[in-house]
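**Student:** what shape does this take:
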Amino acid sequence: MTGTSNQSAEEACEAFVAWLDRRVVAAGRGDALDRLEVAPSGTFWLGRLACEDEVQNGAADERSERLDPCAIGIRLRPAGPSPWSMTVTVRARAWVQDPKNGPDPERRWWRSDLVEETVSVLVDTAGGVFGSKQLQDALAAIGAPGLRAEVRVEVEDWHKETELVVQLVNTSPEKAPGLTDSHLYETQLEVGGLPTAPFQLEALPDSFRYDRDVPAYGVNVGVEVPETGVFRTTDTVMVQTFRPTYWIGDSTPPDLAFLTLAHDPLPQLDALVNALAIYDHAHWSPEALDARQAAEGWTADMRAEADKSAAEVFAELKRLETGLEILQTRPEVLRAFQLMNKAIARSAEGRGYAAWRPFQVGFLLSAVRFLVKADDEARYVDTVWFATGGGKTETYLGLLLTAAFFDRLTGKTVGVTAWSRFPLRLLSLQQTQRFADALAGAEMVRKEESIKGAPFSLGFLVGQAGTPNKIVPKSEGDEITPASPGMPDKYRVLLHCPFCRDPELQMRFDRKKWMLEHRCTNQACTTYGRSLPMYVVDQEVFRFLPTVVVGTLDKAASIGLQQAMRGLVGPPRKVCSVEWHGFTYAERSKAPNGCLVPDCQGTVKPLPIEMDAKRFAPSLRLQDELHLLRDSLGAVDSHYESLLDHLQLELCGTRAKIVASSATLTGYDRQVDVLYQRTGRVFPQPGPRAGESFWTAPTTKPLRRFVAVAPRGVTLEHVSDRTLDALQRCVRELVADPAKVCQEAGVDPTHAPLLISLYGTDVVYGTTLYDVEAAGRSLGSNNTVEGINVEQLTGQTEFDDVRAILERLDKPEEDFAERIHVVAASSMLSHGVDVDRLNTMVMLGLPLTTAEFIQTTARVGRRFPGLVYVLHKIGRERDAQTFRHFKQYVRQGDRFVDAIPITRRSRRVLDLTIPGIVNARTLMIREPKSGQRLSTPANLRNYARNAGLTPALETEAVAAVLNLEGAEDSVHLEQIATWIQAWFADLEDPATKAKYIGDLGPHSPMRSLRDVEASAPIHD
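**Tutor:** As a prediction, the model looks like this:
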């Protein structure tokens, strides 16, 4: 094929994406169609203009006018005084209906030739109307008599500077003899010959990093500048983003291969830190900033912002230098770092990468100090801020494994090193698999290096929605037994064996060990015949305290309900005398020796713990997607974060280091202060210019093509259906006739199978569950392409269904007709779902937050060029404003992110969290110290009397846990005191109906951090 024989896969994808976009836009405008059997006004959603009479008669306000406008226009800022001269080129077509006895009775609507008229305009401050007769005659000449249009110029001088609005208006009568459709189609307006000055984007403040110039604004359309001084309307707004590179400049990057750093890391790390120092001084020194200020005309505020950023950049450099020094002087930290790299190399085998990106190693260097200065470093929350898909997960996996090896090398032979929480209701199975793979690599290295201690293992703590809280011999209500429906296969969490990558895993329940096991069926695997070091039942997590616990944020609420949660913040009580029963906790009627295995026959006095109890404290708490901890969820979590800190400090005398990842920097320092009562630090610091820093810079390789669409005259669901229909039709044409499609798209036919795989599955994303379900139903009934297979991924999707869908997406069926063609997804998709075959997306409306927009769209185009259609709900003000500056919204997206709304001083939230705090303090601290069972009111009543526990003391303690002790907290102190008074009154009442201490007080502890919103009963 001429011109494409040497085409790379990336070039083929780029060409194919451009072709797909042309086809979708053509479907929306009606390009290349000659005849229709139905009215075009109900078919096309781009390029059409209703008549002015119809809009004025039917529109109640500006919002209504945007839904089916009668005009498109360009807003300009003239560079000189009036009068202003310009040329305005108008392009349009008509659709006309033949009589019933016309030449094609089945397809009576026919498309006219193109009108292309250039109107000369000379206008003063009064504005004016131009070209009416010229355009009327041109429309009549193409067979559409009765259609009318005009160029209308309005002058707005009430702004700071005069603005001109040049519009094409459809002035056709709504009804007229012989006029079958009063719409204009395929409209376009082009303005030339007018010297202009750019606008300054009002939505954003001045910044030394960003260009705020906007050459022109569209009215009901986008605007492009094909050449200097020419402004042309576009029916969609296309923004191309580009794939980053992770090393800039001409210098040779250090060798950051995993195996190199496992063998001799110090020379390479030294080279990296030196390169960063050179870059920082070249771009951030006072002399460098002086030069930029003079060249770019910075204001005093812009220079102050630059100076502040420079200080943060050099503080970051200092942290890396400190980290390097620690590795040079502390052999146990160096060895942990080397072992981690060896483990990551093992877990990355066969994945197509064998080295770190520089920013990943930079973060490890900046954070490693917490291993040797834990108390000081615990004052800070280090947030990894990097483009989604850049490798954030692998970055903190590296830190986590370094900490795990450091623990083993310094005497922590068992227990939790890190507790990682994800904010969604359903934890991503792909994220979990990444953790399992990394820990499997570490376990293989641990054995090879003969490092003492328990095997490195992973715990999955999500609770009943995904896996069992516990497994009981006989069912009581909805509890899970070994014979429950779907057991054990429905609770498979891993997608493949983390040791050998074999996908054929077997689930098994071992009654002797009372364990739900993942087992690899590959006889060549080193784990064959044994259970994988993976615990998916809550009580198994508590029994064995795996090295890393991953789970949903919600589960933190269990700290106020379940005494065995103590193992995640401090030491368990004992070790059961029965092999494989693990750690024990508080004695209960059904567990007289504290063992969590039902009907345990172990001794009443379990075995002592051999390790120093204080070493059980986790070193790390990891928080993924920090920006989602907002509003009521964030407020509730802030109280439980304080509780976790309090318990760990009381039990072990330490605080965990908190590491987070986030999609935004906006307001992160305040958010971290509210959530964790710590100081926020971010890595890496933003560079001197937008999109460019020492750690990353854009290339010319396409990343994602964003296309903003403002549908006209039809529903959003109709546009979604037709867009997905067009995308599927294009791929099916490629399947049926690859030579023809490749010729049309400019693609080498040898790439056809790859393109079918990469662009044959589309995502339709809804911001609400209703939107997602409606999209799935609508597509299934309204598509013109036969056999579109739709699957849903939402928080309502069953756990095993999620796994099956992900497996099908990763390994699609051979027959294209059998594959998943469309995934209808909610926010579940936007975090941790990484499938390279997902490269096209249709968004049903702009997400409510910019952070969600950034996270969601990053699910496509992760390795190959992606295509994202954003269907704006143009009647909404926010969507309309964003459509107006969509290019800036995409390219400067982080600046549009709102500060996280969050407070820890919510009285409603405090009322919800007090019970959990009081209960947790009793279960985790008082009961172990007392040596007696305090789970019942009677026992606790006796203990409280003997220990001198009073409402005043407990009020003071709870206020201290939450740090609500200032003058501004008097109302909250009174609220705490009132609640605890009621709790004590209930406790002291011998006739209390409370069976357990969690039943005391006005209400019980929260069962989930999401139990915030009030619910209302629904009756027939």
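
**Student:** how much space separates the residue nearest the centre of the chain from residue 391?
**Tutor:** The geometric centre of the chain, computed from its C-alpha atoms, lies nearest to residue 855 (Cα atoms, centre = their mean), at 3.3 Å. Distance, residue 855 to residue 391, using Cβ to Cβ, to the nearest Å: 15 Å. Glycine gets a C-beta too; all of them are placed from N, C-alpha and C.

**Student:** put the alpha carbons of the longest strand seen in the chain into CSV.
**Tutor:** Ranked by number of residues, the top strand in the chain under DSSP state E is strand 697-709. Output of strand 697-709 as CSV, limited to C-alpha atoms (Å, rounded to 0.1, in the frame of the first residue of the first chain):
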residue,chain,number,x,y,z
ALA,A,697,7.7,16.4,28.8
PRO,A,698,5.3,16.0,25.9
THR,A,699,6.3,14.3,22.7
THR,A,700,4.7,14.3,19.2
LYS,A,701,3.1,10.9,19.8
PRO,A,702,-0.7,11.1,20.1
LEU,A,703,-2.1,10.1,23.5
ARG,A,704,-5.9,10.9,23.3
ARG,A,705,-8.1,12.8,20.9
PHE,A,706,-10.8,14.5,22.8
VAL,A,707,-13.9,15.5,20.9
ALA,A,708,-16.5,17.8,22.5
VAL,A,709,-20.0,17.5,21.1
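
**Student:** other SSEs contacting that strand?
**Tutor:** helix 9-29, strand 236-245, strand 866-871, helix 886-891 (3 or more Cβ pairs under 8 Å, 6 or more residues apart in numbering; DSSP states H and E).

**Student:** quick one: that strand to chain centroid distance?
**Tutor:** A distance of 18 Å separates the centroid of the chain from that of strand 697-709, by Cα atoms, centre = their mean, to the nearest Å.

**Student:** tell me the mean pLDDT for that strand?
**Tutor:** Averaged across strand 697-709, pLDDT comes to 93.

**Student:** now swap in stretch 297-310 and tell me
**Tutor:** In this model, stretch 297-310 has an average pLDDT of 93.

**Student:** can you pull the buried residues of it?
**Tutor:** Using 16 or more other Cβ atoms under 10 Å as the test for burial, stretch 297-310 gives 298, 302, 305-306, 309-310.

**Student:** now residue 681: phi and psi?
**Tutor:** Main-chain dihedrals, residue 681, degrees, to the nearest 10: phi -130, psi 150.

**Student:** bridge partners for it, pull those for me.
**Tutor:** Applying DSSP bridges to residue 681 gives these bridge partners: residue 382.

**Student:** how much space separates residue 323 from residue 621?
**Tutor:** Counting by Cβ to Cβ, the gap from residue 323 to residue 621 is 20 Å.

**Student:** coming back round to it: adding distance to residue 828, mean pLDDT and mean neighbour count, write the helices and strands packed on strand 697-709 out as TSV.
**Tutor:** Rendered in TSV, the data for the helices and strands packed on strand 697-709 read as follows (distance: least, Cβ to Cβ, whole Å; pLDDT from 0 to 100; neighbours: other Cβ atoms under 10 Å):
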stretch	distance to residue 828	mean pLDDT	mean neighbour count
helix 9-29	26	95	21
strand 236-245	24	93	19
strand 866-871	18	96	26
helix 886-891	23	90	21
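
**Student:** in TSV, list those along with distance to residue 472.
**Tutor:** TSV is the format used below for the helices and strands packed on strand 697-709 (distance: least, Cβ to Cβ, whole Å):
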stretch	distance to residue 472
helix 9-29	52
strand 236-245	51
strand 866-871	47
helix 886-891	52
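
**Student:** between these, which one is closest to residue 471.
**Tutor:** For residue 471, the closest of the helices and strands packed on strand 697-709 is strand 866-871, at 42.6 Å, according to Cβ to Cβ.

**Student:** what packs against that closest one?
**Tutor:** For strand 866-871, the elements it packs on are helix 9-29, strand 697-709, helix 716-736, strand 840-844, judged by 3+ Cβ pairs under 8 Å, 6+ apart.

**Student:** what's downstream of the shortest one, the next helix or strand?
**Tutor:** This points to strand 840-844. For strand 840-844, the following helix or strand on the C-terminal side (DSSP states H and E) is helix 850-857.

**Student:** correct me, but residue 339 touches residue 262?
**Tutor:** Yes. Using Cβ atoms under 8 Å, residue 339 is in contact with residue 262, at 7.4 Å.

**Student:** more neighbours: which of the two?
**Tutor:** residue 339 (24 against 19; other Cβ atoms under 10 Å).

**Student:** after the host helix or strand of that one, which helix or strand is next? Please name it.
**Tutor:** Element membership of residue 339 [criterion: DSSP H and E] is helix 331-347. On the C-terminal side of helix 331-347, the closest following helix or strand by DSSP H and E is helix 358-367.

**Student:** next, the buried residues of that next one.
**Tutor:** In helix 358-367, counting by 16+ other Cβ under 10 Å, buried: 358-367.

**Student:** quick one: contacts of the helix or strand that that helix is followed by?
**Tutor:** Using DSSP H and E, the helix or strand that follows helix 358-367 in sequence is helix 374-377. Residues outside helix 374-377 that contact it (Cβ atoms under 8 Å, 6 or more residues apart in numbering): 367, 369-370, 619, 654-655, 657.

**Student:** which residues sit in contact with the closest residue to residue 495 other than its chain neighbours?
**Tutor:** Excluding the flanking residues, the one nearest residue 495 by Cβ to Cβ, 6 or more residues apart in numbering is residue 433, at 5.0 Å. If a contact means Cβ under 8 Å, 6+ apart, then residue 433 has 494-496, 498 as its contacts.

**Student:** quick one: mean pLDDT for the helix or strand residue 433 falls within?
**Tutor:** In this assignment (DSSP H and E), residue 433 forms part of helix 429-448. Average pLDDT, helix 429-448: 94.

**Student:** likewise for stretch 451-459?
**Tutor:** If you average the pLDDT values across stretch 451-459, you get 97.

**Student:** could you do stretch 604-613 as well?
**Tutor:** The pLDDT scores in stretch 604-613 average 88.

**Student:** dump it to CSV, keeping only the CA atoms.
**Tutor:** Only the C-alpha atoms of stretch 604-613 are listed here, as CSV (Å, rounded to 0.1, in the frame of the first residue of the first chain):
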residue,chain,number,x,y,z
VAL,A,604,-7.8,-22.0,76.7
LYS,A,605,-4.4,-20.4,77.1
PRO,A,606,-2.9,-19.8,73.7
LEU,A,607,0.8,-19.5,72.9
PRO,A,608,2.6,-16.3,73.5
ILE,A,609,3.7,-14.0,70.7
GLU,A,610,7.5,-14.3,70.2
MET,A,611,8.0,-11.0,68.4
ASP,A,612,8.1,-7.6,70.2
ALA,A,613,4.5,-6.5,70.3
